[in-house]
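J.: Dropping a prediction and its sequence here:
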Amino acid sequence: MAMASLRREGRRFATPLISPQPINPLRSSISPAEDQAFLGVRSISTQIVRNRMRSVRNIQKITKAMKMVAASKLRAIQTRAENSRGLWQPFTALLGDTPSVDVKKNVIVTISSDKGLCGGINSTSVKISRALHKLNSGPDKESKYVVLGEKAKAQLLRDSKKDIELCLTELQKNPLNYTQVSVIADDVLKNVEYDALRIVFNKFQSVVSFLPTTATVLSPEVVEREAESGGKLGELDSYEIEGGETKSEVLQNLTEFQFSCVMFNAVLENACSEQGARMSAMDSSSRNAGDMLDRLTLTYNRTRQASITTELIEIISGASALEG
Amino acid sequence: MFTILSFKVDMVIVPATTGQMGILPGHTASISELKPGVLSIHDGNDVKKYFVSSGFAFIHSNSVADIMAAEAVPIEQVDPASVQKQFTEFTQKLSSASTDLEKAEAQIRVDVLVALNSALSG
């Protein structure tokens, strides 16, 4: 009988411990004080674990939401990027894409994102730009950077500050359109001397795969030089040039138009790759958070059960000590 | 702003800077610069007209023509009233333009609007 009443006592003691086990995080702020008053040091570990669980759960929700947002943005921009591929295909069919061309003045246009949390795509673009820079610096060759996007700017400023000609950020404030890109292309063509423009971007192949690519656009003089020396551009001479006064004028317009078309496609593809990379980064982040949450829940339950057991042992040993 | 249309047609008439140019199968390879005007695609008795802002036309020797334009609008979507209004506005601006740059810009505008006008009427 005594045992039963004491057991009831014990249960009454224990319930304040059990009830504020909140799945509801709002109540946990009140209960730790109660717990501490009853149980002293033992509950601090559950409180800590509970706080950690709450923050990890919030992070999981946030990353899940970011993944959804990135998925919807990707859907919107993907069709545009795929359609814009047709813009530069005729140019490449005509003028060819010759990354191995050897010229004096190279300009490397690096396209990157403004926002982070998108995986490694910006680092790969910067790595390739640096490699191109190294490849194209020699006794009478030089290369300069034109940087689009905050992330590449931050990385390239660190060690190539003097080689950066132009920096453009906040491209995606308004939805990307051709007019904006043609203004940028105009800016670059006017202010930077070049023989070859190498545009470095991430080509969007699928939601999980992005290929770092370089597109090469040559200046009109180099096009003429290459046409004379034969090779892919040698066929250029077989085309009659109509319009404009001289061939070089038409060629200049042609290369400028080519540059803006290739830039437009590059910017769209990079934006797609950014959203895709962000989707997979946020996905793995939410999965990690879920794993962490599982581990924390196990720790939490173990700690909780251990403290209940300790409490019961104390009560029961106290009761048996009283008995005899 | 960009659509990829690719089909087999009988004839295409492009507004090259040297005038309207008709392209039939077997045309010699050529690169021509386009000025703002009407692009008409003839397929049998079917004629589709687009107004293009400017661009390039590549004609390859295998009877493939690539037409690249910054903007192309089907002629049905062009609004005649606003064309008229802008025309009067910009001819005025042209006569009152002071710097060379302004004159050039206004001239370009007027040229485009003249082409639009003639496209709508003819």
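T.: Good, I have the coordinates. Numbering: from 1, shown residues only, chains lettered A, B, ... in the order given.
J.: Mind jotting down where the helices sit in the chain?
T.: If you meant another chain, say so; for now it's chain A. Assigned helices in chain A, in chain order: A:2-18, A:31-39, A:44-95, A:121-135, A:150-159, A:178-191, A:220-229, A:247-323 (criterion: DSSP state H).
J.: not what I meant, chain B
T.: Using DSSP H, helices in chain B cover B:80-96, B:100-121.
J.: With respect to burial, which of the ones you listed scores highest?
T.: helix B:100-121 (a mean of 15; mean count of other C-beta atoms under 10 Å in any protein chain shown). Any C-beta I mention is one placed from the backbone N, CA and C, and that applies to glycine too.
J.: Other residues contacting that helix?
T.: Contact with helix B:100-121 is made by B:15, B:35-38, B:49, B:51, B:53, B:75, B:78, B:80, B:83-84, B:86-87, B:90-91, B:93-94, B:97, as judged by C-beta atoms under 8 Å, 6 or more residues apart in numbering or on different chains.
J.: List the residues that contact A:V49.
T.: A:V49 touches A:L296, A:T299, A:Y300, A:T303, counting by C-beta under 8 Å, 6+ apart.
J.: which residues does the residue sitting nearest the centre point of chain B contact?
T.: The residue lying closest to the centre of chain B (C-alpha atoms, centre = their mean) is B:G37, at 2.6 Å. Counting by C-beta under 8 Å, 6+ apart, B:G37 touches B:P15, B:Q20, B:F51, B:V52, B:A115, B:A119.
J.: just to revisit the earlier point, would TSV of the helices of chain B with mean pLDDT be doable?
T.: Formatted as TSV, those follow (pLDDT from 0 to 100):
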stretch	mean pLDDT
helix B:80-96	79
helix B:100-121	77
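J.: who wins for proximity to A:K104 among these?
T.: Smallest distance to A:K104 across the helices of chain B (C-beta to C-beta): 31.5 Å, for helix B:100-121.
J.: What angle do helix B:80-96 and that closest one make with each other?
T.: Helix B:100-121 runs at 150 degrees relative to helix B:80-96, counting by axes from the mean of the first three to the mean of the last three C-alpha atoms, to 10 degrees.
J.: follow-up on the earlier one: output the helices of chain B as a markdown table; include the columns distance to A:T309.
T.: Shown next, in a markdown table, are the helices of chain B (distance: least, C-beta to C-beta, whole Å):
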| stretch | distance to A:T309 |
| --- | --- |
| helix B:80-96 | 82 |
| helix B:100-121 | 84 |
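J.: Show me which residues of chain A are close to chain B?
T.: Contacts of chain A with chain B, taken as C-beta under 8 Å from any C-beta of the partner chain, map to A:83-84, A:86-87, A:89-91, A:93-94, A:177-178, A:182, A:238-244, A:250, A:253-254, A:257, A:261.
J.: Let me know how buried A:Y178 is, in neighbour terms.
T.: By other C-beta atoms under 10 Å in any protein chain shown, 20 other residues sit near A:Y178.
J.: I'd say it and B:A72 touch.
T.: No: contact between A:Y178 and B:A72 fails when scored by C-beta atoms under 8 Å: they sit 11.8 Å apart.
J.: Any stretches of chain A with poor pLDDT?
T.: Across chain A, the ranges flagged by pLDDT under 70 are A:1-44, A:230-238, A:242-245.
J.: do that again at 50, thanks
T.: Chain A contains residues with pLDDT under 50 at A:2-3, A:6, A:9-39.
J.: any idea which residue sits dead centre in it?
T.: Taking C-alpha atoms, centre = their mean, the centroid of chain A lies closest to A:C118, which sits 1.0 Å from it.
J.: what sits against it?
T.: A:E274, A:Q275, A:A277, A:R278, A:A281.
J.: The same query, at a cut-off of 6 Å, please.
T.: Residues in contact with A:C118 (C-beta atoms under 6 Å, 6 or more residues apart in numbering or on different chains) are A:E274, A:A277, A:R278.
J.: Could you report the separation of it from chain B?
T.: A:C118 sits 25 Å away from chain B, going by C-beta to the nearest C-beta, to the nearest Å.
J.: A:M263 against A:A185, yeah?
T.: Yes: at 5.2 Å, A:M263 and A:A185 qualify as touching, with contact defined as C-beta atoms under 6 Å.
J.: Which one of those two is surrounded by more residues?
T.: A:M263 (26 against 23).
J.: which ones are touching A:V147?
T.: With C-beta under 6 Å, 6+ apart, A:V147 has these contacts: A:T110, A:K153, A:L156, A:I164, A:C167.
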